[in-house]
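Chemist: next come a sequence and a model predicted from it.
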Amino acid sequence: MPGLLRGMARTAVVAGTATAVSNRVSRRQAGRWAEQDVQAQSQHYQYEQPAPAPAPAAAPPADDMSSKIDQLKQLGDLKDQGVLTEAEFAEQKRRILG
């Protein structure tokens with residue numbers, strides 16, 4: 001009889017340990033998947049932003065400098081809102097000033 005109880009106790013300990021380990025692995029894996037989902041969604045939203053409107057090719061000759069300043073202010077606002085990247089902002093600024 002003591003051998004039978006010892007065998008049942010050992011089985012219970014092994015089964016309990018296996019269950020605990022399995023639950024921990026499941027929780028850890030679920031956490032990793034959730035983190036990957038968050039990263040994928042943030043990347044998805046970065047690529048889904050609408051393309052910025054192109055700057056006008058030629059500014060009107062009257063009030064040329066004030067027109068350029070207004071365009072630069074609009075570009076700065078778009079960059080601050082996150083619509084334009086730093087490289088896009090620099091390219092548009094070069095086109096307006098050059």
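Modeler: Structure received. Numbers count the residues shown, from 1 in each chain.
Chemist: pretty sure Leu78 is touching Leu84, no?
Modeler: Yes: with contact defined as C-beta atoms under 8 Å, Leu78 and Leu84 form a contacting pair (4.6 Å). Heads up, the C-betas are built off the backbone N, CA and C, glycines and all.
Chemist: out of these two, which sits in the more crowded spot?
Modeler: Neighbour totals were compared for Leu78 and Leu84, and Leu84 leads with 21 against 16 (other C-beta atoms under 10 Å).
Chemist: quick one: the more buried one from Arg95, how far?
Modeler: Using C-beta to C-beta, to the nearest Å, one gets 13 Å for the distance from Leu84 to Arg95.
Chemist: what of Thr19?
Modeler: Going from Thr19 to Arg95 by C-beta to C-beta gives 65 Å.
Chemist: which of those two has more neighbours?
Modeler: Each of Thr19 and Arg95 has its neighbours counted (other C-beta under 10 Å); Arg95 has more, 14 against 10.
Chemist: which strands or helices does the helix or strand containing the more buried one pack on?
Modeler: Here Arg95 sits within helix 86-97, counting by DSSP states H and E. In terms of contacts (3 or more C-beta pairs under 8 Å, 6 or more residues apart in numbering; DSSP states H and E), helix 86-97 is packed against helix 64-81.
Chemist: any idea of the angle the helix it packs on forms with helix 86-97?
Modeler: Relative orientation of helix 64-81 versus helix 86-97 (axes from the mean of the first three to the mean of the last three C-alpha atoms, to 10 degrees): 170 degrees.
Chemist: only alpha carbons, please: show helix 64-81 as PDB.
Modeler: This file holds the C-alpha atoms of helix 64-81, laid out as PDB (Å, rounded to 0.1, in the frame of the first residue of the first chain):
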ATOM      1  CA  ASP A  64       7.600  86.100 -54.000                       C
ATOM      2  CA  MET A  65       9.300  86.100 -50.600                       C
ATOM      3  CA  SER A  66       6.100  86.200 -48.600                       C
ATOM      4  CA  SER A  67       4.700  83.400 -50.700                       C
ATOM      5  CA  LYS A  68       7.800  81.300 -50.000                       C
ATOM      6  CA  ILE A  69       7.600  82.000 -46.300                       C
ATOM      7  CA  ASP A  70       4.000  80.900 -46.200                       C
ATOM      8  CA  GLN A  71       4.800  77.700 -48.100                       C
ATOM      9  CA  LEU A  72       7.700  77.000 -45.600                       C
ATOM     10  CA  LYS A  73       5.300  77.600 -42.700                       C
ATOM     11  CA  GLN A  74       2.800  75.100 -44.200                       C
ATOM     12  CA  LEU A  75       5.600  72.600 -44.700                       C
ATOM     13  CA  GLY A  76       6.800  73.100 -41.100                       C
ATOM     14  CA  ASP A  77       3.200  72.400 -39.900                       C
ATOM     15  CA  LEU A  78       3.000  69.300 -42.000                       C
ATOM     16  CA  LYS A  79       6.300  68.100 -40.600                       C
ATOM     17  CA  ASP A  80       5.200  68.800 -37.000                       C
ATOM     18  CA  GLN A  81       2.000  66.800 -37.600                       C
END
